[in-house]
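Peer 1: Here you go, sequence then predicted model.
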Amino acid sequence: MDKAPHIGNLIKAELARQQRSIAWLASQMGCSRQNLCRQLAHDYLSTDQLLKISLILHHDFFHYFTEYILKHF
């Protein structure tokens, strides 16, 4: 079975697509750039964090996991 999506990399890619920085996202989330970088280095985030990032970036990051699940049924 292939690996689940690396959500941190997907968020970084979306930030690049929107021409926004990690520092910008951190300020929107009310945390430090260093803390956010640490979180995005992982291949997982809490659902609360992922929901907050999805709303800030207007991008449904949950769909990557839905696609992964459906692919493995």
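Peer 2: Done, it's in.
Peer 1: Helix or strand with the lowest mean pLDDT in this protein?
Peer 2: Across the helices and strands of the chain, mean confidence by mean pLDDT, DSSP states H and E is lowest for helix 62-71: a mean of 94.
Peer 1: Skip the chain neighbours and tell me the closest residue to Asp43.
Peer 2: Excluding the flanking residues, the one nearest Asp43 by C-beta to C-beta, 6 or more residues apart in numbering is His6, at 4.4 Å. From N, CA and C alone the C-beta is placed, and that goes for glycine too.
Peer 1: which ones are touching Asp43?
Peer 2: Asp43 makes contacts with 3-8, as judged by C-beta atoms under 8 Å, 6 or more residues apart in numbering.
Peer 1: if I look at it, how far off is Gln34?
Peer 2: Separation of Asp43 from Gln34 (C-beta to C-beta, to the nearest Å): 19 Å.
Peer 1: circling back to that earlier point, which other helices and strands contact the least confident helix or strand of the chain?
Peer 2: helix 47-57 (3 or more C-beta pairs under 8 Å, 6 or more residues apart in numbering; DSSP states H and E).
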